[in-house]
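Trainee: Sharing a model prediction with you, sequence too.
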Amino acid sequence: MTEASAPAAAPKMESLRLTTAIQRGEQSITELALRKPKAGELRGLSMQELMNARISAVLDILPRITTPPITQQEADNMEVEDVANASGIIIGFFMTALQKHQIERALNR
């Protein structure tokens, strides 16, 4: 007897409103959705470098987890503040609920 597998949960997504739009021909991308990466999408990357917001690691992961998908060149040409905001979102994907709660408590003091 086999058990039916439970439906897969929707991937965790976070929105990033860009301070400077990505221009793709006549298309102007002003917002990206970042999806929590799966293990295979981290291949070749260091989780520690992502947690430390190392720019090269963040730029490498962005084309793998953005909607609409962006190219490596588009990631490389993003504004610094947009990459910094993306880094914060990515770090949040790896934090436990307890860590997030502790940060929220510290910020609300």
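Mentor: Yes, it's here. Numbers count the residues shown, from 1 in each chain.
Trainee: List the buried residues for the helix ranked longest in the chain?
Mentor: When the chain is parsed with DSSP state H, its longest helix is helix 80-93. By neighbour count with 16 or more other CB atoms under 10 Å, helix 80-93 contains the buried residues 82, 83, 85, 86, 87, 89, 90, 93. Every residue, glycine included, has its C-beta placed from N, CA and C.
Trainee: Contact partners for the fourth one?
Mentor: For residue 86, the residues meeting the contact criterion (CB atoms under 8 Å, 6 or more residues apart in numbering) are 16, 32, 34, 58, 62, 78.
Trainee: what does the helix or strand where the fifth one lies contact?
Mentor: This points to residue 62. Here residue 62 sits within helix 55-65, counting by DSSP states H and E. Residues outside helix 55-65 that contact it (CB under 8 Å, 6+ apart): 34-37, 41-42, 44-46, 49-50, 69-72, 74-76, 78, 83, 86-87, 90.
Trainee: Would you mind measuring from residue 55 to residue 70?
Mentor: Separation of residue 55 from residue 70 (CB to CB, to the nearest Å): 16 Å.
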